[in-house]
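J.: Build the 3D model from these lines:
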Amino acid sequence: SELTLSDVAKLLSTNTAFLSKAVNQYYNMNFSNYLNKFRIEEAKRLIDEGRQDVMTFEGIANSCGFVSRSSFNQAFKKFTEMTPTEYSALKNHSN
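T.: The predicted model follows:
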């Protein structure tokens, strides 16, 4: 949850301006959305495994790097066009 553009730039031995521009150009999104996309993919994986049966959605959100349930829900809806609850229900229905 505390990963920043600066942290990643340091890990890649580059500067934040270059990294930000690269993410914007190649992925057509800002760094925050790029990072959240991976977080949502991890959340979907956990839901697909049935983890919501033993964890709350807030627990899943926290384990994926979100600091609040509302930011998790907002990002989840942005990338999947459904809420975590709707996604879970769809997955459970299709199994």
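
J.: Now the spatially most central residue of the chain: closest residue in space, sequence neighbours ignored.
T.: Nearest residue to the geometric centre of the chain (C-alpha atoms, centre = their mean): Arg39, 2.3 Å. The shortest distance from Arg39 to any residue other than its chain neighbours is 4.4 Å, reached at Cys64 (C-beta to C-beta, 6 or more residues apart in numbering). Every residue, glycine included, has its C-beta placed from N, CA and C.

J.: Could you check how many residues crowd around that neighbour?
T.: For Cys64, the tally of surrounding residues (other C-beta atoms under 10 Å) stands at 21.

J.: which residues does it contact?
T.: The neighbours of Cys64, taking C-beta atoms under 8 Å, 6 or more residues apart in numbering as the test, are Arg39, Ile40, Glu42, Ala43, Leu46, Phe72.

J.: Just give me the closest of the residues you listed to Glu81.
T.: Checking those against Glu81 by C-beta to C-beta gives Ile40 as the nearest, at 11.5 Å.

J.: I figured that closest one hits Ala75, correct?
T.: Yes - Ile40 sits in contact with Ala75 when judged by C-beta atoms under 8 Å, with a separation of 5.7 Å.

J.: gap between Thr85 and Asn62?
T.: For Thr85, the distance to Asn62 (C-beta to C-beta, to the nearest Å) stands at 17 Å.

J.: In terms of neighbours, single out the busier of those two.
T.: Counting neighbours by other C-beta under 10 Å for Thr85 and for Asn62 shows that Asn62 has the greater number, 16 against 13.

J.: Near the spatially closest residue to that one that is not a sequence neighbour, how many other residues are there?
T.: In this structure, Asn62 finds its nearest non-sequential neighbour in Ser1, 7.6 Å apart by C-beta to C-beta, 6+ apart. A count of nearby residues for Ser1, using other C-beta under 10 Å, gives 12.

J.: how about Ser1, what does it touch?
T.: Neighbouring residues of Ser1 by C-beta under 8 Å, 6+ apart: Asn62, Gly65, Phe66, Val67.
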